[in-house]
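J.: 3D model of this:
(2 chains)
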Protein chains: 2
Amino acid sequence: MSGHRPQQSWASWRTDESTNDIHDEEAFELSENGNLQGLSSQNHKLKYKDGSSIDWLHEEALEREREHVKKSQKSIRGLLSIWADSARVWLVVVATGIGIGVAGAWLDVLVKWYLLADLREGRCQEGFFYNQVSCCSGLDPGEFCTDWQTWSEYFKIRSLFLSSLLQSSIYVMLAVVFAGSAALLVYTYAPYAFHTGIPEIKAILGGYVFDAFLTPWTLLIKALGLALAVASGLSLGKEGPLVHVACCMAFMLSRFFKQFRYSEAQKRKLLAASAAAGVSVAFGSPLGGVIFCLEELDTFALESDVMWRGFVASAIAAVSLQYVDPFGTSKLVLFQVTSGGDTWRAFELIPWLTLGVIGGILGSLLIKLNTEIALYRRNSALNDYPILEVAAASAITAAIAYLVVFTRLQSSELVANLFQECDPTRGDYHGLCNPTAMWENVFLLLISAGIKLVLTAWTFGMMVPAGIFLPTIAIGACIGRAVGMLTQAVQTSFPKAWIFQACPPDLTVRCVSPGFYSVIGASAMLGGVTRMTVSLVVILFELTGALSHVLPIMVSVTTAKAVGDAMGKDGIGIYSGIYSVWIAMRDYPWLPPVDYNDKGRTAADAMRPYGTLVKIEDGQLTLKDLETLTKTRDFRGYPVVKGRDLIGFVTRDKLTSAVVRALDIHLSPETSNKKCRFSSKHFSSSDEYLDLSRCLENSIISLRKEVPQALVVRMFQKMNLRQILFTNRGQLDGMMTKSDVVALLTAHFSHTGALSTQNDMHPGGRRG
Amino acid sequence: MSGHRPQQSWASWRTDESTNDIHDEEAFELSENGNLQGLSSQNHKLKYKDGSSIDWLHEEALEREREHVKKSQKSIRGLLSIWADSARVWLVVVATGIGIGVAGAWLDVLVKWYLLADLREGRCQEGFFYNQVSCCSGLDPGEFCTDWQTWSEYFKIRSLFLSSLLQSSIYVMLAVVFAGSAALLVYTYAPYAFHTGIPEIKAILGGYVFDAFLTPWTLLIKALGLALAVASGLSLGKEGPLVHVACCMAFMLSRFFKQFRYSEAQKRKLLAASAAAGVSVAFGSPLGGVIFCLEELDTFALESDVMWRGFVASAIAAVSLQYVDPFGTSKLVLFQVTSGGDTWRAFELIPWLTLGVIGGILGSLLIKLNTEIALYRRNSALNDYPILEVAAASAITAAIAYLVVFTRLQSSELVANLFQECDPTRGDYHGLCNPTAMWENVFLLLISAGIKLVLTAWTFGMMVPAGIFLPTIAIGACIGRAVGMLTQAVQTSFPKAWIFQACPPDLTVRCVSPGFYSVIGASAMLGGVTRMTVSLVVILFELTGALSHVLPIMVSVTTAKAVGDAMGKDGIGIYSGIYSVWIAMRDYPWLPPVDYNDKGRTAADAMRPYGTLVKIEDGQLTLKDLETLTKTRDFRGYPVVKGRDLIGFVTRDKLTSAVVRALDIHLSPETSNKKCRFSSKHFSSSDEYLDLSRCLENSIISLRKEVPQALVVRMFQKMNLRQILFTNRGQLDGMMTKSDVVALLTAHFSHTGALSTQNDMHPGGRRG
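T.: Here you go, the predicted structure:
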C-alpha cells in the first residue's frame, strides 16, 4: 500500500509543473474583450489539484470555444492550426500504439526468451542471457543439448539430494531477488506503480485528477518492475499493468503539446484510446481492447471520436506487436486452441454450466479474500514492511510452486498447455496427457487451482505491479481441465449411456475435448472475478481463436456473472467486480454506469439542504470576506444567493483568481472592504459595489428537489456533472455534488474508503 | 413508398387496440391513495399515439416505482411477482432468440436449398421443390446427373438460339413473378414491411412510437416478401429485414404480457435485445450483433441489462441457427475464407488503402444516388405504381444479370466464391480462376460492380423488403477481387522488384491472395455506405473467420469512413451513413450520438422564446378553457406560469385525463367555469379554485438560456428528454423540445423530411 507515506518527490514532479502554469498567455489568448479583472468568464482555465475531479462541462465548453475561434479565423494560419491540432492528436495516438506494442513485445522477450525466466533453472554455456530454448536451438533432431546446464550440472553436483536442494534453493532465491528488486524499485521511485492500475484509470477517465499516477517515472518503474515481478513467478499477470503503461506513455507524449496540457477532456480522450491499445497488446486482442474500453473503462466512450481513436490505437499496437513478433509465430493469438472438432454436443452444456457456477462462486471468494487481505495488510504491521512482504510472498510462492509441477511453470505456459488438446505426437505436456494418471492429474490440477487462488488473493495488492487477469485465467483453466478430464472419463467409461448418444460410437475418436473445457473454465473464472461480459468474450475469442466456440464461452461467462452477482451482499452489482471493489475501497470519485434504484426516494432525501450549505450572500461580502471564504472553506464552489433566491454558482477557482486580481490591482484598503455583487438587478449604483458577475457559471443545472434520486444519479453518470442545484421557483433548496452521489451508491458497501490515500488531501473528507 | 396512401387497416389493428386501453384497472392498482380525480400524479400511464415520442423520464420513474412497490410487498405473492416479471423478460428474450434463429435458417432453406432459386434455371424430375444440388445428390463421382433438367431440356428444345431464349425468358419471367408477388404482398397487407427497417428501429429505440411498424402482419409479410425478393434476384440482402423481423417477433411476444404493454421503456429494451439477435442470425455473428446494437442502434445500450440481454439473445439465436444448420456445415461462418497464409506483406497496404479510398468514394456515391432516386420516386408518377416499378426493376435486373456471369449468381453465392482463393483442385469458380483470362475477369468484375451499384441504389427503397448489406458486400468484393488480381499480376510479372522482396522467391507459392482482397474490398465498401467502424470489423471478422486479418480490415474500414465523411457536404458526419440519411429524409425524431459544435451559440438562439409559447396562466383558466386548449393546441405539454414565474410543466395527456375526469364527476355548469390552480401559494381559498397541482410533472429540467447549445443537445442525447425549460431566477425564458433539437441538427441537410410519412399526423408539422 502506498498508504500514508508522504508523497514521493520522484512521482510528483510532473504534477507540480502542471498545476503551476495556470495564468499563462494562452489562457487569455481567446478572450474577445478583456475586462477589469482580466478574467473572461468563459475562457478561464481551471486549476486542478491531484485528488479533485475535473469540470467536464467547463472543459468541453472550453474545447468547443477553442475550436470555434480557430475555425472562424479564415486565414491560412487558422486552417493550419486546425489541421495541426488534429495531426497532434493522431501523432500521439499512433505513437502510443507503436510504443506500447513494442514495449509489450520486448517485455515478453525479456521475460520469456532471455535472461530472466529460465535463469532460475540453469544457465547456457554460450552466454547466460540465452534461455533454454534459444540455447539449444539449431540442433539436429535426436541430438542432445549440451550447452544448457542446470545449476547442479554447472556446479557438478552428483548427489540427487544435494542437487535437488541446490536447484530449489537457487529457484527460490532468484525469485526472491527478482520480486524484491521490483518492490524496492516501486517503493523507492514510483509508489503508484504498484497493483494493476485499472481502478485508477477508470477513475481518471471518469474525471478524477491524478497526474502523479501517469508520470514517466511511473512508466519506467512499472514496466521494469513488471518484468521482474513476472519473472519472479509470483501469481500475477501483465495485462492490467500494461494498460497503465500505455496510459503513462500517452500522458508523457501529450505533455509535449500545449493543447493537451490545458485540456483535461482531450487528455482523457487520449488516455481512453491508449488504454484500448494497452489491452490490445496485453491480450493480442485489438477488438477486445476497444470493447474493454467501452464496457469496463468508460462512461463516455460512446462519443464516436474516442471509439475511433481507440480502434486505431488498438490496431496499430497489435501491428507493432506482430511486427516485433515475440512469439516467433507471426500470430496475435497467444494461446492457440487446437479445436477438438468444430462441433460440441448438447450434454456438454451440463459441465459448462457447472463451470460457470464454480467460476461465479470462486470469483466472489477471490474478491472477498483479496479484500480481507488488503484490509489486514493496511491495518497491521505489514503496512510498514512492504518490501519484506513481497520477498516473503515470492519465497513462499516459489517454494510451493517448486513442489507442484503445474504451478512451477510460468502461468502463461501453463495456460497454453492446458488449452491444448492431448495429441500423442506432440508430447505429454508435463504428464497432463498420461491417460493412466487421470486421477492424479485431476487432483494436481485442483490443488494447483487452490494454491493459485490463495496466492493471487495475497499478491494482488502488494507493492509490485500485478495484474489479475492471467492468474484468474490459470485458476479457471486448471479447474476447467479437471472438469473436462472427469467428463471425458465418464464418457469413455459409459459410452453407451443415452446422454452420450451424440458422441461418435468409435471410442478412438475424441468426443470430449478437455482443452476446450480449460477455455470455458477460464472464461467462467474471469466472469466471476471481473463481472465483465461482452469484452471478456471478445478477448477470449481473440485470445484463443476459437470462433466456433463463442457460444459456450458466452454461456459460461453469463452464468458466472449471474452467480457472482447473486453471491454479493448487495445483489445489485454496483460495486461487484474486483476493480469496482478496489475503487470503492480507495474511495475514488467514480460513478459506475449502473441503474440505481432509489426505492421511491427523491433528491430531497439525499441533497445537502439549504441550511448546511456554504453560500455567498450577494452584495453582503467584501473582497476580504471572499478571500477568507476561499481559503477556509475548501469546497469546489459556492452558490450565490440573494435572500433565498438563487443568483448563480461560482467555482472556488474562479473566485480565487478574481479576488487575487482585484486585490492586486487596487491595493488600497478600502477596496478590500468593498462589497461584491454578482447581479446587477438589486444594486443600482455600480461604484458602490465591485462587480464579480462575470465569475458566475453559465452552465448551472437546477432541478426540483422532488425529482427521483435515480434521475439525479443518471444525470451525474451521463453528463459528468460536478454538482446539481435544487431550486423551486428560483429559490435554492439544496445541492448535491458528485461525491454525494458516490456516497449514495457506496452506502451499502462496508469497506468504502478503507484504503483511501486521499484522506489527508481533502479537509473534512469531502472531495465535493 | 408508403407515402400518402391512407393507413392500412391490416397494419394498424394492433395500434388501435394498444392505444385504447389506457385507463384500465392496472393504471390505478399501484396508487397508494386515490384522490378526487382518481389520478395519481406518479402512476399515470401515458397514452402515446404513433408518431409521437415517449417520455423516457416518466417511463423510467414508472418502472422504478412498480419495482419498488413490488419489492416492498413482503408477502410471497410479492416475491413471486418480482420473479415472474424477470422470468417473463427472459422468456421473451429466449423465445425471440430461438424464433429468429429458426426463421433465419428456414429463410435460407426456402431460398437456397429448395423451391425458389434454382427454379429459374430448371427443374428436378424427382419433384420441382428440389434444387439442383439436392436433386443431383447421392450420385457416384463421375456419374452424370440426369434428374436435373434445364427448362430447354424439359421442353426438349434443341436449337441453341431457342434454348437460350427460353431459358432467359423463364429466368426473367420468374424473377418478375417473385418480385411482383413480394411487392403485391407488401403493398396490400403491410406497407411498413418495405425497405430495410433499420432506420425505423433506430428511431423506435430512441423513443419514437411506431407500433404499426411491428405488427404480426408486418412480421409475416416481411418474412415472406423477403424470401420472394431474395429469390427474384433483385439486388438486395436479407440482413436489415431480418433485424426488423426479430423486432416484430419480440413485439408480438411481448404483447402477451401486461408488463410490456404498459411500459414503453421495457418494450424498447426488449427490442434492442432482439435487434441484436437479428444481426446475429443475419450474419452468423453473435458478437457482431451485440456490438452493432451498441454502435449503430442505441444511445442507451450501455445500460448493462440491455447489453446483457442482447448478448444472451444473440447467443441463443446463433445456437438455433447452428442447430437447424441450413448450410449443412455446422458452422456459423457464412463465407469461409481459405486464408492464403497467415501473414501479409507491408506492400499490400498500398492496394488496401486504395480499396479504402474507393470504398469511401463509391459508398458516398451510392448514398447520393439512392437519395436522388428515392426523391425522384416520391415526386414522380412512380409513386403511384410501386408494384409496377418493382416488376420493371426485377425484369431489368434479371435481364442484365443473365448476360454477365458474375451477376447471374445469387449475391451470397457470388460473395462466397469471391472470398475463396483459387485452388486448382476445387474448380474454377465460374471462370474466375482461369489464369489466362485475367484481364477479362477484371473487366467483368468491374462491370458487375458498376451494374450492382446502380441496381442497388434503385432497389433500396422500392416496395419490397430489402437490405443494403449484402449488395454492398458484393460490390466491394468484386472491386476487391479485381484489385487483388491486378496486384497479383503485377507481382508475378515483376517478382524481383524491391517492393515485392517480402514475397517468397518461389513463384509457385502464392504471395498475393486475391480472395482476401475481396474481403478488404467488402469491408471498405461497407465502411463507405454505413459509416460504422467497430461493429463492421467484428461482423466481417466473424463472417469470414479471418482472425489473422483483422488489422487490414480495420485499416480499410477506417480509410473508407474517413474518405466518405470528408466527401459529405457537412463533413461532420452527423447524418452521413445511409441509415441516418433515410432517418433524416423520413424526419423521425432521432438524435444521432454525435458531438454537436454550436460555434459559440447559446440556447437562447435556438429555444422557442417565452412570447411564442403556449402557456397556462395559473388560476386564470377554467376547466372549459383547459379542455379547449388541449383540443386545439396539440403540443406535448404546456408550461404553467404565474406572471412570468414558472410554476411547473404539465403534459397534455395528464391534463386531458384530469379535465375529462373532473368534468365527468361534476357535471354542473359552474364546475366547468371554475378556475383551475396548479399551486397553492398564491391562492388562499381552496374552494374557489379547482386544484390540479397533482398534474404537474416532478421531473422538469430547467437551465439558463446562456448555456451552450452543445450542452443542451448532449442533455437531450444522453438523458432522452422531451423538453428543457429555460429559466432565470424562477422566470420562464423559453423552451426547447426534442424536435427543436432534431431540427437544429438536421438544419444543414437539404432533404430533411423529404420522405416524411408523418406530415398528416402532426398539425403544424410539429412532433414536439
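
J.: and the closest residue to residue A:311 other than its chain neighbours, how many neighbours?
T.: Leaving aside its sequence neighbours, residue A:311 sits nearest to residue A:290 (C-beta to C-beta, 6 or more residues apart in numbering or on different chains; 5.3 Å). C-betas here are computed from N, CA, C, even on glycine. Burial of residue A:290 is recorded as 33 neighbouring residues (other C-beta atoms under 10 Å in any protein chain shown).

J.: residues contacting residue A:290?
T.: A:276, A:280, A:307, A:310, A:311, A:314, B:534 (C-beta atoms under 8 Å, 6 or more residues apart in numbering or on different chains).

J.: which of those residues are buried? Put it as a PyMOL command.
T.: Burial among the contacts of residue A:290 is assessed by 16 or more other C-beta atoms under 10 Å in any protein chain shown; the matching PyMOL selection reads:
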select buried, (chain A and resi 276+280+307+310+311+314) or (chain B and resi 534)
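
J.: state the distance from the residue nearest to residue A:311 to residue B:308.
T.: Noted for residue A:290: a distance of 19 Å to residue B:308, by C-beta to C-beta, to the nearest Å.

J.: before we move on, what about residue A:610?
T.: For residue A:610, the distance to residue B:308 - C-beta to C-beta - is 41 Å.

J.: out of the contacts of residue A:290, which are inside helices?
T.: Among these, the subset assigned to helices under DSSP state H consists of A:276, A:280, A:307, A:310, A:311, A:314, B:534.

J.: my guess is residue A:156 is in a helix, correct?
T.: No. Per DSSP: H, G, I helix; E, B strand; the rest coil, residue A:156 lies outside any helix segment and is coil.

J.: so what's the spatially most central residue of chain A closest to, chain neighbours aside?
T.: Taking C-alpha atoms, centre = their mean, the centroid of chain A lies closest to residue A:198, which sits 1.0 Å from it. Of all residues not flanking residue A:198 in the chain, residue A:240 sits nearest, at 4.7 Å (C-beta to C-beta, 6+ apart).

J.: residues near residue A:517, how many?
T.: 30.

J.: which residues does it contact?
T.: Contacts of residue A:517 by C-beta under 8 Å, 6+ apart are A:351, A:352, A:355, A:480, A:481, A:483, A:484, A:485, A:487.

J.: element containing the last one, please.
T.: When you say that, I think you mean residue A:487. Using DSSP states H and E, residue A:487 maps to helix A:469-493.

J.: next SSE after that helix?
T.: Helix A:469-493 is succeeded, C-terminally, by helix A:514-530 (DSSP H and E).

J.: for residue A:54, give me phi and psi.
T.: In terms of degrees, to the nearest 10, the main-chain angles of residue A:54 are phi -80, psi 160.

J.: which residues does the nearest residue to it once chain neighbours are set aside contact?
T.: Spatial nearest neighbour of residue A:54, excluding adjacent residues (C-beta to C-beta, 6+ apart): residue A:264 at 4.3 Å. Neighbouring residues of residue A:264 by C-beta under 8 Å, 6+ apart: A:48, A:54, A:59, A:207, A:209.

J.: ok, these vs chain B, which is closest?
T.: residue A:59 (11.9 Å; C-beta to the nearest C-beta).

J.: what number of residues lie near that closest one?
T.: Residue A:59 has 22 neighbouring residues, counting by other C-beta under 10 Å.

J.: repeat for residue A:466
T.: 29.

J.: ok, now residue A:174?
T.: 21.

J.: against residue A:398, how distant is it?
T.: 8 Å.

J.: who touches both of those two?
T.: With C-beta under 8 Å, 6+ apart, residue A:174 and residue A:398 have common neighbours residue A:232.

J.: once you drop chain neighbours, what's closest to residue A:225?
T.: Using C-beta to C-beta, 6+ apart and skipping the chain neighbours, the partner closest in space to residue A:225 is residue A:182 (4.1 Å).

J.: what sits against that neighbour?
T.: So residue A:182 contacts A:224, A:225, A:226, A:228, A:229, A:232, A:390, A:464, A:465 (C-beta under 8 Å, 6+ apart).

J.: for chain A, give the residue positioned nearest to chain B.
T.: Closest point on chain A to chain B, by C-beta to the nearest C-beta, is residue A:730, at 2.4 Å.

J.: doesn't residue A:727 belong to a strand?
T.: Yes. Under three-state DSSP, residue A:727 sits within a strand.

J.: go ahead and confirm it touches residue A:704.
T.: Yes. Residue A:727 is within contact range of residue A:704, at 7.2 Å (criterion: C-beta atoms under 8 Å).

J.: those two - which one has more neighbours?
T.: Counted by other C-beta under 10 Å, residue A:727 and residue A:704 do not tie: residue A:727 has more neighbours, with 24 against 21.

J.: tell me the bridge partners for that one.
T.: residue A:732 (DSSP bridges).

J.: please, which helix or strand holds residue A:400?
T.: helix A:386-403.

J.: now do that helix, average pLDDT.
T.: Mean pLDDT, computed over helix A:386-403, is 85.

J.: list the buried ones in whichever helix or strand comes after it?
T.: Heading C-terminal from helix A:386-403, the first helix or strand you meet, by DSSP H and E, is helix A:405-408. Of all the residues in helix A:405-408, those buried under the rule 16+ other C-beta under 10 Å are A:406, A:407, A:408.

J.: re the thing from before, in the contacts of residue A:182, find the pair that's most separated.
T.: A:224 and A:390 (14.8 Å; C-beta to C-beta).

J.: just send the contacts of residue A:264 back as TSV, with pLDDT and secondary structure too.
T.: Formatted as TSV, the contacts of residue A:264 follow (pLDDT from 0 to 100; DSSP: H, G, I helix; E, B strand; the rest coil):
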residue	pLDDT	secondary structure
A:48	71	coil
A:54	77	coil
A:59	77	helix
A:207	81	coil
A:209	83	coil
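
J.: of those - the most surrounded one?
T.: Neighbour max across the contacts of residue A:264 (other C-beta under 10 Å) = residue A:207, 25 neighbours.

J.: correct me if wrong: it contacts residue A:56.
T.: Yes. Residue A:207 is in contact with residue A:56 according to C-beta under 8 Å; the separation is 6.0 Å.

J.: what is in contact with the two at once?
T.: The contact sets of residue A:207 and residue A:56 overlap at residue A:720 (C-beta under 8 Å, 6+ apart).

J.: what's the domain layout of chain A?
T.: As assigned by automatic domain parsing, chain A contains the domains A:9-114+A:166-324, A:346-529+A:540-567, A:603-765.

J.: in TSV, list those along with distance to residue B:67.
T.: Compiled in TSV, the domains of chain A are given as follows (distance: least, C-beta to C-beta, whole Å):
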stretch	distance to residue B:67
domain A:9-114+A:166-324	23
domain A:346-529+A:540-567	17
domain A:603-765	10
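
J.: give the contact list for residue A:598.
T.: Counting by C-beta under 8 Å, 6+ apart, residue A:598 makes contact with A:708, A:709, A:710, A:713, B:64, B:68.

J.: now stretch A:232-241, how far from the chain's geometric center?
T.: Offset of stretch A:232-241 from its chain centre (C-alpha atoms, centre = their mean, to the nearest Å): 14 Å.

J.: start to end distance for it?
T.: By C-alpha to C-alpha, to the nearest Å, the extent of stretch A:232-241 from end to end equals 16 Å.
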